[in-house]
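Starting from these lines, generate the structure:
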Amino acid sequence: VYGESNPPREQPLTCDASALPAPTPLKRLSNEHYRNSIEFLFNGPAFAPAVSEAMDSNFSRLPPDRDTGQTFEAMDQRLTEEHVNVHFDMADALATGVTATPDRLTALAGACATEATLSVTCAESFIAQFGRRVFRRPLTDGEATRMLELRGDGSDPGAILGNMVFSFLMAPQFLYVFEDAGEAVDGEDRLSWLTPWELASRLSFTFWQGPPDDALLEAVASGAFDDDEGYATYARQIVEDPRSELFVRSFFDQWYRIPEAVEFPNDPIYNTIARDVDVGPGLYGEMRAEAHALIDEYARGDGAYRAQLTTQMQMPATARHPGIYADEPWDGVSAPPQASTSPRPGILTRSAVLLATGTTNPILRGAFLRKEILCDELEVPPDLPSEAFQFPPQQPEQSNRDVVDAKTNVEGCSFCHSLINPLGFS
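I've put the predicted structure just below:
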């Protein structure tokens, strides 16, 4: 708990080279990873109707990641009954849809899939090629043999391939990220090296928010990940790929709790507060775009994170949005203007980030910044009476700051709130 026994750090953190890695959990695909994996597996135009129908009918039923308070979506590792139901229904719908017509069968497994009987060669080829894309590695001999048993006598290729697709999509090796196939580390029985296939999956799910694509899988198969130099080369390519921009924005959106959408109230009181700013449709999208532009500027450029927190750079792209800051809009090409009449330094004072907690309560905002951004540990004292969370009526001569300070500047509250309140009012 943040207090006198846990003062602010004066020295930068250092790494202990002798520290051993913590156990790696078995990670369920996040909802975004799952959706992107499905779209990767069935990305041809022949599959578009089937994928669209399956997604429209099922994906929205998945429990939202981070619904239980985690900072990042990938930290939510719940497996609920509804997860299982959606995975089943999605697999069933896709297995039926992608094998429904001859052109889809051809796109799925080749021309041999439309013959009267599914040959052993055709089935083995499909299992090897499709299976590597699903499991993000080649199948073991046992996995391939068990999948081939679904062929039976080969009659009704569409039904056979549908059963195989269903089995692949319900396999734990698809729904989870396994990292258990590497060789043991010498002298450390509980540690193992990541395989090249596992390294590729880590990189792609981190920076692309999806599975390794065909080119990356082929690179691993060719041995490109077998040494440090090859791994470094592909790691740089993955990070520099435009797809990684989605990861950068998603990371900061989740960390800063930037909402995907906000609707402003349309009432006389709110419009009076807004003054001359048009709070109609589209304003929040402009706020979010400005935050993303500032994030991109420092995440992709040479600036340090400290600069993102302290910069005076302004990047609103429309005349309506700058009205909040009393500055001119940025043309998106020239050097962004610096704050002038109303300095609001850093990303944490961007309008989209200010809406992160969904409230103007400075205590909640300050606690959010302390815990989520500065990573301090704060706990609500367990013996607080219920009236501790109630503010007295605000008097005409009092500002919001006056009310908050009077409420929290008392014994037992003042120390923690001296760390919380200033950030909340910033």
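
Hmm, Tyr256 is touching Ala356, no?
Yes. With contact defined as CB atoms under 8 Å, Tyr256 counts as touching Ala356 (5.7 Å). All C-beta spots, glycine's among them, are computed from the backbone N, C-alpha and C.

elements contacting the helix or strand where Gly162 lies?
Here Gly162, judged by DSSP states H and E, is contained in helix 157-169. The contact analysis (3 or more CB pairs under 8 Å, 6 or more residues apart in numbering; DSSP states H and E) places helix 157-169 against helix 81-97, helix 102-109, helix 120-135, helix 141-148.

for these, which one sits closest to Pro422?
helix 81-97 (41.8 Å; CB to CB).

Could you report the separation of the nearest residue to His292 once chain neighbours are set aside from Val262?
Nearest in space to His292, with sequence neighbours left out and distances taken as CB to CB, 6 or more residues apart in numbering, is Arg249 at 5.4 Å. Separation of Arg249 from Val262 (CB to CB, to the nearest Å): 17 Å.

can you list the residues that contact stretch 414-426?
2-4, 348-349, 361-367, 369-370, 376, 378, 401, 404-405, 408-409 (CB atoms under 8 Å, 6 or more residues apart in numbering).

repeat that with 7 Å
For stretch 414-426, the external contacting residues (CB atoms under 7 Å, 6 or more residues apart in numbering) are 2-3, 362-363, 365-367, 369-370, 378, 401, 404-405, 408.

ok, now stretch 35-55?
29, 59, 90, 93-94, 97-98, 100, 103-104, 107, 133-134, 209-211, 213.

mind listing what's buried in it?
35-38, 40-42, 46-47, 50-51, 54-55 (16 or more other CB atoms under 10 Å).

Over to stretch 230-245?
230-231, 234-235, 238, 244.

Output it as CSV, restricted to C-alpha atoms.
Only the C-alpha atoms of stretch 230-245 are listed here, as CSV (Å, rounded to 0.1, in the frame of the first residue of the first chain):
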residue,chain,number,x,y,z
GLY,A,230,17.3,-14.5,-38.3
TYR,A,231,15.0,-13.9,-35.3
ALA,A,232,16.1,-10.3,-34.9
THR,A,233,15.5,-9.7,-38.7
TYR,A,234,12.0,-10.9,-38.6
ALA,A,235,11.2,-9.3,-35.3
ARG,A,236,12.1,-5.9,-36.8
GLN,A,237,10.0,-6.6,-39.9
ILE,A,238,7.0,-7.5,-37.7
VAL,A,239,7.4,-4.4,-35.6
GLU,A,240,7.8,-2.2,-38.6
ASP,A,241,4.8,-3.7,-40.4
PRO,A,242,1.8,-1.4,-40.6
ARG,A,243,-0.3,-4.0,-38.8
SER,A,244,1.7,-3.3,-35.6
GLU,A,245,0.1,0.2,-35.5
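
on that earlier part again, packing partners for the following helix or strand past the helix holding Gly162?
Counting by DSSP H and E, the next helix or strand C-terminal to helix 157-169 is helix 172-175. Other helices and strands packing on helix 172-175, by 3 or more CB pairs under 7 Å, 6 or more residues apart in numbering; DSSP states H and E, are helix 120-135.

and the angle for the helix it packs on with helix 102-109?
Here the directions of helix 120-135 and helix 102-109 differ by 70 degrees (axes from the mean of the first three to the mean of the last three CA atoms, to 10 degrees).

what does helix 120-135 rub up against?
Outside helix 120-135, the residues that reach it (CB under 7 Å, 6+ apart) are 41, 109-110, 112-113, 138-139, 144, 147-148, 151, 161, 164, 168, 173-174, 217.

Separate out the buried members of those.
For the contacts of helix 120-135, buried by 16+ other CB under 10 Å: 41, 109, 112-113, 139, 147, 151, 161, 164, 168, 173-174, 217.

and Ser418, how many residues sit next to it?
Counted with other CB atoms under 10 Å, residues neighbouring Ser418 total 11.

measure it to Val380 for me?
Taking CB to CB, one finds Ser418 at 16 Å from Val380.

list the contacts for the closest residue in space to Phe166 that isn't next to it in sequence?
The shortest distance from Phe166 to any non-neighbouring residue, by CB to CB, 6+ apart, is to Ala95 (3.9 Å). Ala95 makes contacts with 162, 165-166, as judged by CB under 7 Å, 6+ apart.

Just the buried subset of the contacts of stretch 414-426, please.
Buried among those (16+ other CB under 10 Å): 2, 362-363, 365-367, 369-370, 404-405, 408.

and of those residues, the nearest to Gly280?
Arg365 (25.2 Å).

So what does that closest one have for phi and psi?
phi -70, psi -40 (degrees, to the nearest 10).

re the thing from before, got a winner among the contacts of Ala95 for most neighbours?
Among these, the one with the most neighbours (other CB under 10 Å) is Val165, at 25 neighbours.

Would you check that it makes contact with Ala93?
No. Between Val165 and Ala93 there is no contact under CB atoms under 7 Å: 10.6 Å.

and the end-to-end length of stretch 191-202?
17 Å (CA to CA, to the nearest Å).

which of the residues in it are buried?
192, 194-202.

Inside helices: which ones of the residues you listed?
196-202 (DSSP state H).

I'd like those as a markdown table, with pLDDT appended.
Converted to a markdown table, these look like this (pLDDT from 0 to 100):
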| residue | pLDDT |
| --- | --- |
| Pro196 | 96 |
| Trp197 | 97 |
| Glu198 | 96 |
| Leu199 | 95 |
| Ala200 | 96 |
| Ser201 | 97 |
| Arg202 | 94 |
